[in-house]
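A.B. asks: Kindly return the folded structure for what I paste below:
(chains A and B)
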2 protein chains.
Amino acid sequence: MSSNPTPRTRVVREPQRAVYDRDAVNQILDEALFCHVGFVADGQPFVIPMSFGRDGDVLYIHGSTASRMVRNLDQGAPVCITVTLVDGLVLARSVFNHSMNYRSVVILGTATLVDDPAEKLSALRALSEHILPHRWDDSRQPKEKELKATSVLRLPISEFSAKVRVGPPVDDEEDYSFPTWAGVIPLEMNSGTPIRDERCKQDLPAYLNNYSRPRKSQTA
Amino acid sequence: MSSNPTPRTRVVREPQRAVYDRDAVNQILDEALFCHVGFVADGQPFVIPMSFGRDGDVLYIHGSTASRMVRNLDQGAPVCITVTLVDGLVLARSVFNHSMNYRSVVILGTATLVDDPAEKLSALRALSEHILPHRWDDSRQPKEKELKATSVLRLPISEFSAKVRVGPPVDDEEDYSFPTWAGVIPLEMNSGTPIRDERCKQDLPAYLNNYSRPRKSQTA
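C.D. replies: Okay, here's the model as predicted:
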């Protein structure tokens, strides 16, 4: 299923890297650990890193009810949510053709506050499951006052585009004889050995062994 | 050396995580491989991942002269540049106190087009050195038409703040007895085995062995 880009989401530069397929976009969203949220306050753009969750065609973010972002967005303001996965450094012969392999998604729209308590709870669960499946059920559940201190915003994933670069460097033909190493340095995020809190006596549960993000999309 | 936060950069939430020290901010900037650039077009915020370079108290980004970002910023528009390093998942006993360990920097200001050819060239070199030291000198140098196709924007690092979270989870006292594993899952970006371009016959140079970002700041 693909979405028609709007003039705002049509990829201008390197259009051959554009992806408007919803399944491909969802895979990038699901692999990304966090997003950057852009909003405008008094004409000034702000970009804030945040965790997020996805439920079908809706993306959820959350924050303290007192935060600058929530105060600016809860009246229904335009927002941009971007996720970026960097897969490698692309080393070309020429400075000009150096690049990165990456997968990014840009979603535009209007965020609205989630008022319905059931949707709010399921959105918070989606946020938790996005970061670490199984963790929600293994944690002390939210109290009423904690839910009150947390605002959840919903953004429909309807106006979006993705941009993906894969593969080796592409040089001008006359540069291929230039005597320098060329290729790709792959990059990925890895987890290290879990560090148990000093007041914790529990053994590490299976779902915390070798933590990694779900990798379904093409990164070669 | 520290900077006084403005009302726009003063950290509202979790103020104990705020960092306004310029050296600490520079270390985060230097470790980050890329940034997210926020700008406004027709009232809509856009957030785009980009590489960047730093020269003292100036941050440089670059893009195609034809790109949406450059077209929107080259007249001197407000911009927000954010970098984020995620160091770990922080697993608390309660859902509410889950967090991440991270280091982020938010810089606000007005980007301006670099007109001076010497500054433009040295900015592009800073961008290249930021990603991979030594690579610039080992690559085919830029041609005049390549420089013309590239725009460089400068943003003074003068209005900024950083936010840093380190260490174990912090739970409400009554939750410490809750029977779940608690602690930190460390995360870091690693490089894999370099993939040589099939048309390249050169051996891997020493500066490409075990690529990693410079790590000077506190991440425990």
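A.B. asks: For the rest of this, base every contact and every neighbour count on C-alpha atoms.
C.D. replies: Noted.
A.B. asks: shouldn't A:Ala41 be in contact with A:Asn72?
C.D. replies: Yes. Assessed by C-alpha atoms under 8 Å, A:Ala41 is found in contact with A:Asn72 at 6.7 Å.
A.B. asks: Show me which strand runs longest in chain A.
C.D. replies: In chain A, with assignment by DSSP state E, the single longest strand is strand A:78-91.
A.B. asks: and the helix or strand just after it, which strands flank it?
C.D. replies: Per DSSP states H and E, the first helix or strand lying C-terminal to strand A:78-91 is strand A:99-110. Within its sheet, strand A:99-110 is paired with strand A:78-91 (antiparallel), strand A:159-165 (antiparallel), according to DSSP bridges.
A.B. asks: Flag every buried residue along whichever helix or strand A:Asn26 is part of.
C.D. replies: Taking DSSP H and E as the definition, one finds A:Asn26 inside helix A:22-31. Neighbour counts over helix A:22-31 (16 or more other C-alpha atoms under 10 Å in any protein chain shown) mark A:Arg22, A:Ala24, A:Val25, A:Asn26, A:Ile28, A:Leu29, A:Asp30, A:Glu31 as buried.
A.B. asks: Switch those residues over to CSV; also include pLDDT and distance to B:Ala206.
C.D. replies: Shown next, in CSV, are the buried residues of helix A:22-31 (pLDDT from 0 to 100; distance: C-alpha to C-alpha, whole Å):
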residue, pLDDT, distance to B:Ala206
A:Arg22, 92, 42
A:Ala24, 93, 37
A:Val25, 95, 37
A:Asn26, 96, 39
A:Ile28, 97, 33
A:Leu29, 98, 36
A:Asp30, 97, 36
A:Glu31, 98, 32
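A.B. asks: pLDDT score assigned to A:Pro186?
C.D. replies: Per-residue confidence (pLDDT) for A:Pro186: 98.
A.B. asks: cool, and A:Ser3?
C.D. replies: Value for A:Ser3, per-residue pLDDT: 67.
A.B. asks: again, but for the one 5 residues further on
C.D. replies: Confidence per residue is given as pLDDT, and for A:Arg8 that number is 87.
A.B. asks: Wasn't it part of a helix?
C.D. replies: No. A:Arg8: not assigned to a helix; according to DSSP: H, G, I helix; E, B strand; the rest coil it is coil.
A.B. asks: quick one, strands of chain A?
C.D. replies: Using DSSP E, strands in chain A cover A:18-19, A:35-41, A:44-50, A:53-55, A:58-64, A:78-91, A:99-110, A:112-113, A:150-156, A:159-165, A:183-191, A:195-196.
A.B. asks: closest to B:Gly192 out of these?
C.D. replies: Nearest to B:Gly192, of all the strands of chain A, is strand A:183-191, at 5.0 Å by C-alpha to C-alpha.
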